[in-house]
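Engineer: Here's a sequence, model it:
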Amino acid sequence: MGRVRSLRGKVVVVTGGAQGIGAKTAQALVGHGARVAIGDLDQVRADKTAGELGVDTVALPLDVTDTQGFTEFLDEVERRLGPIDVLINNAGIMPLAPLDEEDDASTRRQLAINLHAVIHGTREAVRRMRPRGTGHIVNVASMAGKAGFPGGATYCATKHGVVGLSEAVHLELHGTGVEVSCVMPAIVRTELASGLGEAKMIKSVLPEEVANAIVGALLRPRFDVYVPKSLDAMGRITRLLPRRVGEWIVRSLGGDQILASAAHSSARADYEARAAHSAPTVEGERDS
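Structural biologist: Predicted coordinates:
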């Protein structure tokens, strides 16, 4: 293994950093001496999180679906803290419904937040990091980026897109000094996972565990970041098997019901309502 890198003094941007995985990642980064910029639609919560993390942490408003605004946000981070060393594309939503029940507004929001914003953020990071010959882009995908789960078809499509994007850009940046990591967690116990049950042999994880895995990939750069690590082996095994056998295993473990069983859960009502108002730029274009 290579030498452990230092994060002390590094400028790190975390989108969707006001709560959940983003907030825990910001906290872990600050613990390693990084200077963190949190971008989030919820400015009040972002300010609270930044205030708890200390004077080197800043919170700025960010609607990741506003591409010009996203670019201006990164510009402002660099004005305040200096050149960006790490960009963590973490912002994402997971509305659940069978595809034939999902309205087009939900589809557009998921594509805008989960995929287009990650593409734009990654592109902006490359433009800033490549000329300096250093930097690290972390894209938070999901195990849903490696498999399909009923009840979240569009969500799975966006996360497959993030995995493919990350793999391609990783190859494009070979030899440039800019690293790319793709994070693929199982169910993470945040508000996004409200109403979701447990599947056999697929352990849910805490946001702190994902945060620690992200920091670990920054300290010792690697592309694939599975949380928990056992997901990697399980995925490799099922992909080697005939499709019918692999699907039987998924059904036996309850993997086909993880999202589907929660699609109409009252426990998700608050989250679903918040997710429905998470892309003001997209909704504004649709209404105009």
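Engineer: mind checking how far Leu196 is from Gly151?
Structural biologist: 10 Å (CB to CB, to the nearest Å). (C-beta placed from N, C-alpha, C; glycine too.)
Engineer: tell me, what's touching those two both at once?
Structural biologist: Common contacts of Leu196 and Gly151 (CB atoms under 8 Å, 6 or more residues apart in numbering): Ile258, Leu259, Ser261, Ala262.
Engineer: For the stretch 151-288 of the chain, which segments count as helices?
Structural biologist: Using DSSP state H, counting those that start in this stretch, the helices assigned to the stretch 151-288 of the chain run over residues 153-172, 207-219, 230-240, 243-252, 269-275, 280-287.
Engineer: Can you list the buried residues in stretch 56-76?
Structural biologist: Of the residues in stretch 56-76, those with enough neighbours to count as buried (16 or more other CB atoms under 10 Å) are 57-60, 62-67, 70, 73-74, 76.
Engineer: Need the distance between the two termini of it.
Structural biologist: End-to-end distance for stretch 56-76, by CA to CA, to the nearest Å: 15 Å.
Engineer: Any idea how far that stretch is from the middle of the chain?
Structural biologist: Centroid displacement of stretch 56-76 relative to its chain, using CA atoms, centre = their mean, to the nearest Å, is 16 Å.
Engineer: which one among the buried residues of stretch 56-76 gets closest to Ala91?
Structural biologist: Using CB to CB, Val64 comes nearest to Ala91 of the buried residues of stretch 56-76, at 4.9 Å.
Engineer: is it true that the closest one touches Leu87?
Structural biologist: No - between Val64 and Leu87 no contact is recorded; they are 11.6 Å apart, counting by CB atoms under 8 Å.
Engineer: Now list whatever residues contact both of these two.
Structural biologist: With the criterion set as CB under 8 Å, 6+ apart, the overlap between the contacts of Val64 and Leu87 is Thr15, Gly121.
Engineer: I believe Val12 is in a helix; please confirm or correct that.
Structural biologist: No - secondary structure assignment places Val12 outside any helix; it is strand (DSSP: H, G, I helix; E, B strand; the rest coil).
Engineer: how many neighbours does the closest residue to Arg274 other than its chain neighbours have?
Structural biologist: The spatially closest residue to Arg274, leaving aside those adjacent along the chain, is Glu191, at 7.8 Å (CB to CB, 6 or more residues apart in numbering). Burial measure for Glu191: 13 neighbouring residues, criterion other CB atoms under 10 Å.
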